[in-house]
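Visitor: please find the sequence and the predicted model below.
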Amino acid sequence: MAYKHIVFDVDGTLVDTEDTTIGSLQDTMLALTGKKPEREELRFALGITGEDVLRRLGIPDVKGGMAVWLEQLTRYQGRNRLYPGIPELLETLRRQGYHLGVATSRTRLLYDAEIPGLGIAGYMGQVICAEDSVTHKPEAGPLEAYMQRTGAAPEEVLYVGDSVYDMLCARNAGTGFLLAGWGALPELREQAPAWKAEPLQVLSFLQERESC
């Protein structure tokens, strides 16, 4: 069966946010603990909720820690950019009749604070943020919430993401998965069922799928 729904992760897939996420988290840890971790120590934070990140880092007051992190993020406001080719990809997919959506670990507040300004919010029919599912990546919750709201069957959904958490979320939900190689760590390519190096190559992947 051909895919009907293309669902995207946000950070590392639609938007290049690695520098702002890790940089602001370094600043947050410095403010909370007096120590600034190396960037490589914090790469695990790409793709999961902020609360889960702080729990893994041993911050006891997660709510307070999130307030500090949000404050640090404001210093990076305006630095994030769409990956080249994303607007063209979304426009082409919409013209071809696909249902487009988002399943992200961002809170609704963080999604609404940035994505509309990047000019792509109007493409998305259904947006699943951290508050919209009981469980989070790598569990199936975000994609299950998307399917529940849209009525899509798992085999009709392709999830495009950049992290192992995205990959496992798709696997647990029974949907298709395509690794966003433009934002993913190179070593993940061997683990993914399929990957593409550039956003517009998603179109050729879908064409290959439909011709099978």
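Guide: Alright, I've got the coordinates.
Visitor: part of a strand, is residue 102?
Guide: Yes - judged by DSSP: H, G, I helix; E, B strand; the rest coil, residue 102 forms part of a strand.
Visitor: hey, what's it bridged with?
Guide: Taking DSSP bridges as the rule, residue 102 bridges to residue 8, residue 127.
Visitor: list the contacts of it.
Guide: Shown in contact with residue 102 (Cβ atoms under 8 Å, 6 or more residues apart in numbering): 7-10, 14, 111, 124, 126-129. (Each C-beta comes from the backbone N, C-alpha and C, glycine too.)
Visitor: please apply the same query to residue 121.
Guide: residue 115.
Visitor: and with 10 Å instead?
Guide: 102, 111-112, 114-115, 127 (Cβ atoms under 10 Å, 6 or more residues apart in numbering).
Visitor: emit the PyMOL select command for whichever of those residues are buried.
Guide: In PyMOL, this line selects whichever of the contacts of residue 121 come out buried by 16 or more other Cβ atoms under 10 Å:
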select buried, resi 102+111+114+115+127
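Visitor: for residue 165, state which of the contacts of residue 121 is nearest.
Guide: Of all these, residue 165 sits closest to residue 102, with 15.0 Å by Cβ to Cβ.
Visitor: could you measure from the closest one over to residue 91?
Guide: 16 Å (Cβ to Cβ, to the nearest Å).
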